[in-house]
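Colleague: A structural model of the following input is requested.
(one chain, ligands or ions: 1)
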Amino acid sequence: MSSMNINIPRLRITVYRQVLSPSLQICCRFSSTTTTATATTNTTTQPNIKILDKDYETDQWTNVGPAILSRVPRKLLLQPSHPLSIIKSIIESQFSHKEYTSYNNLSPIVSTYDNFDSLNFPQNHPGRSRTDTYYVNKNTVLRTHTSAHQATAFQNSPTPGYLIAADVYRRDEIDRSHYPAFHQMEGARTWDLNENTDPQELARQIDDLTAKIPRTDIRIVDEKPPFHEGNPKQAHHTDEVCIAVGNHMKRTLENVVTEIFNRASLAAGENASKERLQVRWIDAYFPFTSPSWEMEVFWNGDWLELFGSGVVQQEVFDSAKVKNKVGWAFGLGLERLAMVLFGIPDIRLFWSENPKFLRQFEPGVVSHFKPFSTFEGSTRDISFWLGDSQLHENDFMEIVRNKAGDLVESVELVDKFTNRKTGRTSLCFRINYNAMDRILKRDDVNVLNDQIRSELQARFGVDMR
Ligand code: DAH
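Modeller: Numbers count the residues shown, from 1 in each chain. As a prediction, the model looks like this:
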């Protein structure tokens with residue numbers, strides 16, 4: 001019997017949030033078609049693994065490999081002249097230290113509880129699947145988003161707000177804008193709300209703070225009511241508190257985005273677009289906020305999804321054992337924003353250790369990336385009949401990553417069909433090999449490609465065509 005779950009999503013399905021927007025997705029890029037979170041075949045007994053000098057037990061859930069683990073110690077956000085770190089610092093500069101505590105060096109290894117349960121993710125949420133998430137073992141993962149630290153930050157932050165910036169990890173496709181390790185920022189702001197609080201008074205206080213946030217001259221489209229049946233407020237919040245919290249968050253983030261794009265216009269100089277910057281707020285869904293919104297910005301002819309955000313769900317405070325609070329939270333991905341602002345064409349470049357890349361940038365400045373050279377790549381197709389083992393698209397991606405790492409620019413499923421007589425399914429993946437700083441020799445590509453084929457046969461019992 002041939003079993004598989006390789007339903008290839010042509011249209012990426014975001015499972016942390018559900019909005020139907022065809023625009024570029026920056027912050028939340030989980031894609032999945034499976035909803036099971038069970039461990040499948042892993043018959044090899046593995047020894048413990050060491051990550052950042054700590055030993056971890058492995059088990060049937062373990063699916064972290066050398067390619068992904070080699071990214072963990074790099075800490076790109078701690079290098080001040082790295083483009084990702086530049087964007088992070090610009091964002092941080094818009095929040096006062098008195099009100100927001102910054103966390104920049106939290107361990108990427110977190111419990112499944114912190115990554116999912118504390119954030120109200122249902123048990124059958126696709127994000128929990130081994131095909132989407134890197135498990136160190138059953139109860140431990142490489143964080144898939146900075147939200148994994150929300151509960152601890154709400155507990156420990158000495159200020160009413162906090163910011164978190166970190167590397168995050170998700171098993172994913174391979175192409176110019178997806179990489180299994182990427183970076184996010186997260187922020188939140190809370191106010192006290194207990195049985196003695198007069199909600200109207202609290203709303204007034206929040207509105208006063210909102211009024212102090214500098215007004216921006218960008219065009220803002222925010223057409224939907226602040227909450228409604230499809231995007232409800234939480235039952236224990238009054239209308240005015242929910243609206244005040246949402247407004248404070250929206251003004252805060254509008255201010256941040258104005259600053260970022262102003263710096264980009266400065267960098268573009270003469271070439272800067274003369275059009276007024278436009279942002280729009282649209283409804284969204286996250287398990288950890290209600291109501292929830294997303295901010296998109298119109299940039300170079302496209303709507304670009306920037307922030308996911310909303311009013312923090314009471315369950316998140318409850319699981320953090322933080323009492324009597326109301327507040328907002330947001331999250332954003334840094335890579336695609338940096339790609340747009342710095343004109344960086346390939347996501348692999350962020351991991352480049354080539355001085356020709358790194359020397360181009362300086363702290364605090366958004367500058368346009370100058371390509372050092374482009375080298376022609378070469379493609380190889382791998383076609384095979386599936387055997388008895390399950391094979392998810394991301395399993396294929398992982399084999400490619402572990403064997404060829406950053407020498408692969410993209411992998412695409414170019415053909416899939418089932419033979420009606422035999423019931424067997426055939427797949428063909430096209431691998432585009434391309435190093436960013438040299439021409440790859442034909443023989444070297446062949447060796448890598450053969451290794452990928454052998455591994456595929458050994459692990460998944462496929463028949464090569
Ligand atoms: N963690 C979300 C993701 O990776 C992004 C996010 C959305 C963070 C809304 C938040 C939030 O704090 O309120 O998809």
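
Colleague: Where do the helices of the stretch 251-400 of the chain begin and end?
Modeller: Secondary structure of the stretch 251-400 of the chain (DSSP state H, counting those that start in this stretch): helices at 314-319, 335-342, 355-358, 393-404.

Colleague: Of all the ones you listed, which one is nearest the ligand?
Modeller: helix 314-319 (9.3 Å; Cβ to the nearest ligand atom). Yep, even glycine has a C-beta here, placed from its N, CA and C like the rest.

Colleague: so what's the residue of the stretch 251-400 of the chain found nearest the ligand closest to, chain neighbours aside?
Modeller: When scored by Cβ to the nearest ligand atom, the stretch 251-400 of the chain has G331 as its residue closest to the ligand, at 2.4 Å. Excluding the flanking residues, the one nearest G331 by Cβ to Cβ, 6 or more residues apart in numbering is E186, at 4.7 Å.

Colleague: I'd assumed I164 was in contact with that neighbour.
Modeller: Yes - using Cβ atoms under 8 Å, E186 is in contact with I164, at 4.4 Å.

Colleague: Quick check: neighbours shared by these two?
Modeller: T146, H149 (Cβ atoms under 8 Å, 6 or more residues apart in numbering).

Colleague: ok so, going back, is it possible to export the helices of the stretch 251-400 of the chain to a markdown table including distance to P83?
Modeller: Shown next, in a markdown table, are the helices of the stretch 251-400 of the chain (distance: least, Cβ to Cβ, whole Å):
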| stretch | distance to P83 |
| --- | --- |
| helix 314-319 | 31 |
| helix 335-342 | 5 |
| helix 355-358 | 9 |
| helix 393-404 | 22 |
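
Colleague: got the ones you listed as a markdown table, with mean neighbour count columns?
Modeller: Conversion of the helices of the stretch 251-400 of the chain to a markdown table gives the following (neighbours: other Cβ atoms under 10 Å):
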| stretch | mean neighbour count |
| --- | --- |
| helix 314-319 | 18 |
| helix 335-342 | 23 |
| helix 355-358 | 14 |
| helix 393-404 | 22 |
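
Colleague: Next one, pLDDT for T33 please.
Modeller: Note for T33: predicted pLDDT of 34.

Colleague: hmm, I was thinking of Q457
Modeller: pLDDT, Q457: 95.

Colleague: and it, which of the three is it?
Modeller: Applying DSSP: H, G, I helix; E, B strand; the rest coil to Q457 yields a three-state assignment of helix.

Colleague: Return the residues in contact with the closest residue to it other than its chain neighbours.
Modeller: What sits nearest to Q457 in space, not counting adjacent residues and going by Cβ to Cβ, 6+ apart, is M464, at 6.6 Å. Going by Cβ under 8 Å, 6+ apart, M464 touches I382, S383, F384, R453, Q457.

Colleague: Would you check which pair of those lies furthest apart?
Modeller: Farthest-apart pair in the contacts of M464 is S383 and Q457; separation 12.6 Å (Cβ to Cβ).

Colleague: Surely T289 and G327 touch.
Modeller: No - with contact defined as Cβ under 8 Å, T289 does not count as touching G327 (10.1 Å).

Colleague: Give me the more crowded residue out of the two.
Modeller: Higher neighbour count among T289 and G327: T289, with 27 against 22, using other Cβ atoms under 10 Å.

Colleague: how about the strands of the stretch 301-450 of the chain, start to end?
Modeller: 302-312, 325-333, 378-385, 408-418, 425-433 (DSSP state E, counting those that start in this stretch).

Colleague: In TSV: those, plus mean pLDDT.
Modeller: Below are the strands of the stretch 301-450 of the chain laid out as TSV (pLDDT from 0 to 100):
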stretch	mean pLDDT
strand 302-312	95
strand 325-333	98
strand 378-385	96
strand 408-418	94
strand 425-433	95
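
Colleague: Out of those, which is closest to V136?
Modeller: Of all these, strand 325-333 comes closest under Cβ to Cβ, at 22.4 Å.

Colleague: hmm, back to that, and the residue of the stretch 251-400 of the chain closest to the ligand, bridged to which residues?
Modeller: Assessed by DSSP bridges, G331 has beta-bridge partners E186, G308.

Colleague: who's in contact with it?
Modeller: C27, C28, H145, T146, S147, Q184, M185, E186, G187, F307, G308, S309.

Colleague: Now with 7 Å, please.
Modeller: C27, H145, T146, S147, Q184, M185, E186, G308 (Cβ atoms under 7 Å, 6 or more residues apart in numbering).

Colleague: which residue sits closest to Y56 in space, ignoring its chain neighbours?
Modeller: Per Cβ to Cβ, 6+ apart, closest to Y56 is V136, 4.9 Å.

Colleague: Same check on N105?
Modeller: Closest to N105 by Cβ to Cβ, 6+ apart is L78, at 6.9 Å.

Colleague: what does the model give that neighbour for pLDDT?
Modeller: 97.

Colleague: What is the neighbour count of P83?
Modeller: What P83 shows, counting by other Cβ under 10 Å, is a neighbour count of 27.

Colleague: can you check the one 4 residues further on too?
Modeller: I87 sits with 25 neighbouring residues when counted by other Cβ under 10 Å.

Colleague: That one belongs to a helix?
Modeller: Yes - per three-state DSSP, I87 lies within a helix segment.

Colleague: Tell me who's in contact with it.
Modeller: I260, L334, L337, A338, L341.

Colleague: Map the structural domains onto the sequence of this protein.
Modeller: Domain ranges of the chain: 14-358, 376-464, per automatic domain parsing.
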